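**Q** sequence and predicted model, in that order:
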Amino acid sequence: SDHAGTPLFFGRLDRAADDDLPATVHVGRRHVHDDRSRPLVIDWRAPISRAFYQASPAEPMGVRRRRRFGYHGGDLTAYEDERLDQGDSPESAPGHSRILTEEIERPRSGPMRDIVATIQPDQDEIVRSELGTTVCVQGAPGTGKTAVGLHRAAYLLFTHRERLARSGVMIVGPNRAFLSYISSVLPALGEVKVDQTTVADILGDHTTPEDPAVSAIKGDARMVPVLGRALWAHIVKPTEGVLFTKGVNRYRVADHEVREIVASLRGTTRYAPGRAALAQRLAHMVLVRMEQRGESPDDRVQDAVARSKPVKQLVDAVWPKVTPQQVLHRLFSDPAFLAASARDDLTAEEQAMLLWAKPSKTFRSAKWSAADGALMDELGDMIERTAPLGHLVVDEAQDLSAMQLRALGRRCRTGSATVLGDLAQGTTPWSARSWQEVLAHLGFEEGVVTELTLGFRVPREVLDYAARLLPSVAPGLAPPRSLRPGAGSLTVRPA
């Protein structure tokens with residue numbers, strides 16, 4: 001194996017199936033072939049390996065016996081067999097795997113490890129869900145939701161290698177410490193070309209402190225129409241036409257014709273393509289004038305006219321080039337402009353909170369907050385389309401604002417997402433109250449919400465004690481159960 005101390009295989013299936021595949025299959029982290037291309041170990045993500053995770057005496061999936069191998073470091077120390085072809089006899093009773101229990105209870109230290117050897121059936125269903133499906137995983141502490149998200153990314157890359165190699169997969173975590181904790185999981189599974197990043201890295205690492213009440217307004221989806229009106233307000237009504245001179249000839253496009261072009265383009269395209277289209281339409285009008293005089297200009301002439309000084313000057317005056325920072329600086333510095341852009345979407349009190357007490361002279365010297373980053377990203381997408389990815393895995397999603405979720409959603413608008421989190425662990429004033437709400441802001445209303453309630457890491461005593469808070473913090477969630485007894489792991493002392 002190319003990972004020291006990582007065994008090549010952790011399971012074996014003895015199959016009763018009469019197909020072309022081998023009767024005995026070893027399941028591991030990678031495919032391994034001998035020198036005659038015969039499979040020695042099958043990748044855990046291959047369709048045949050599904051039975052290792054899903055087969056049961058009630059549903060044996062063509063498997064007679066499942067064998068699990070236990071390791072200490074890289075050394076094989078134990079194995080145990082589970083008969084799946086005996087119906088529901090006592091010998092086949094599942095749930096007594098010592099190897100599983102020991103692996104699950106092994107002390108956790110250092111970075112996160114992969115869980116390929118211990119994926120449970122309900123986790124496996126999520127890991128192997130279709131690429132086109134957006135899955136939202138609600139999971140209590142220690143239920144393995146983060147690991148499930150990472151393993152789903154690995155599974156999708158294996159199953160749709162070519163497609164996702166082109167469009168890309170991104171893991172988005174809450175902070176750098178989290179990323180370093182999970183950083184070795186995907187490489188251990190053979191996946192190194194996955195971008196692992198944070199929301200701050202995507203939206204610009206803006207760190208100016210801000211009153212949480214102000215951040216909450218900026219993070220609200222009601223900001224979308226406000227930003228839209230603020231951007232498009234930069235287009236002014238044309239009062240002049242265009243005069244283009246070539247040699248002794250003069251060609252004119254009248255002001256009313258320019259107004260018609262601007263009106264027809266406005267709101268039918270993003271801001272930057274609309275600006276480019278305005279220049280081309282004006283140039284086309286000039287070409288029509290040339291043709292009316294018996295000339296025969298070609299496309300190169302149209303491009304030259306579109307780039308000419310008189311056309312550029314008119315476009316700059318009517319449909320000026322703007323950046324998200326410029327728009328936002330004007331919005332937070334100019335009370336009249338904010339009021340005109342906000343209309344009824346924000347109250348007068350909310351508008352007053354958004355206005356800077358001491359505005360910077362220009363947008364270049366402005367200091368931005370983390371919430372401003374999401375607003376700039378929204379404006380950036382209104383100006384020029386954000387390039388989308390194939391798949392996005394978002395962890396701790398309950399803590400993201402509507403505007404941050406929209407920023408992530410537009411990065412996979414033609415793909416899908418795996419959304420992970422716990423509504424009971426929200427830490428921000430804008431924490432989500434429901435996963436449907438989160439999926440709607442991401443743009444995936446059709447997404448599937450699934451709940452993991454079986455904990456593997458947190459001792460039962462601790463989890464039960466913490467879960468007493470559930471009825472007040474997240475009444476809709478099922479109480480989690482832990483597989484680790486952890487007797488004596490909790491002491492409650494009155495202070």
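**A** It's in. Numbering: from 1, shown residues only.
**Q** so where does Pro310 fall, helix or strand?
**A** Following DSSP states H and E, one finds Pro310 within helix 309-318.
**Q** wait, what's in contact with Arg50?
**A** Arg50 sits next to Met61, Asp124, Arg128 when contact means C-beta atoms under 8 Å, 6 or more residues apart in numbering. All C-beta spots, glycine's among them, are computed from the backbone N, C-alpha and C.
**Q** just put those in TSV and tack on neighbour count and secondary structure.
**A** TSV is the format used below for the contacts of Arg50 (neighbours: other C-beta atoms under 10 Å; DSSP: H, G, I helix; E, B strand; the rest coil):
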residue	neighbour count	secondary structure
Met61	18	coil
Asp124	19	helix
Arg128	19	coil
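**Q** take those residues and lay them out in JSON lines including pLDDT and distance to Tyr271.
**A** Output for those, formatted as JSON lines (pLDDT from 0 to 100; distance: C-beta to C-beta, whole Å):
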{"residue": "Met61", "pLDDT": "90", "distance to Tyr271": "54"}
{"residue": "Asp124", "pLDDT": "92", "distance to Tyr271": "46"}
{"residue": "Arg128", "pLDDT": "95", "distance to Tyr271": "42"}
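**Q** mind listing residues that contact the helix holding Pro310?
**A** By C-beta under 8 Å, 6+ apart, helix 309-318 touches 235-238, 240, 242-245, 258, 262, 275, 278-279, 282-283, 286, 305.
**Q** and the buried ones among those, selectable in PyMOL?
**A** One line in PyMOL is enough to select the buried members of these, burial here meaning 16 or more other C-beta atoms under 10 Å:
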select buried, resi 235+238+242+244+258+262+275+278+279+282+283+286+305
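**Q** from the contact counts, what lies against the least confident helix or strand in the chain by mean pLDDT?
**A** Here the helix or strand of the chain ranked lowest by mean pLDDT, DSSP states H and E is helix 98-105, holding a mean of 71. Helices and strands touching helix 98-105, by 3 or more C-beta pairs under 8 Å, 6 or more residues apart in numbering; DSSP states H and E, are strand 63-72, strand 75-83.
**Q** how far does it sit from its chain's centre?
**A** Its chain's C-alpha centre and that of helix 98-105 lie 32 Å apart, by C-alpha atoms, centre = their mean, to the nearest Å.
**Q** pLDDT wise, what is the nearest residue to Tyr79 once chain neighbours are set aside at?
**A** With C-beta to C-beta, 6 or more residues apart in numbering as the criterion, Tyr79 has its nearest non-adjacent residue at 4.9 Å, and that residue is Phe69. On the pLDDT scale, Phe69 is placed at 90.
**Q** surely Thr143 is in contact with Thr450?
**A** No. The pair Thr143 and Thr450 fails to qualify as a contact (C-beta atoms under 8 Å) at a distance of 11.1 Å.
**Q** can you list contacts of stretch 333-342?
**A** Outside stretch 333-342, the residues within contact range by C-beta under 8 Å, 6+ apart are 226-227, 229-230, 233, 330-332, 350-351, 354-356, 359-360.
**Q** from those residues, list just the buried residues.
**A** Val226, Leu227, Arg229, Ala230, Arg330, Leu331, Phe332, Glu350, Gln351, Leu354.
**Q** which two in the residues you listed are spaced the farthest apart?
**A** Arg330 and Glu350 (17.6 Å; C-beta to C-beta).
**Q** give me the distance from stretch 63-82 to the chain's centre.
**A** Chain-centre distance of stretch 63-82: 36 Å, with C-alpha atoms, centre = their mean.
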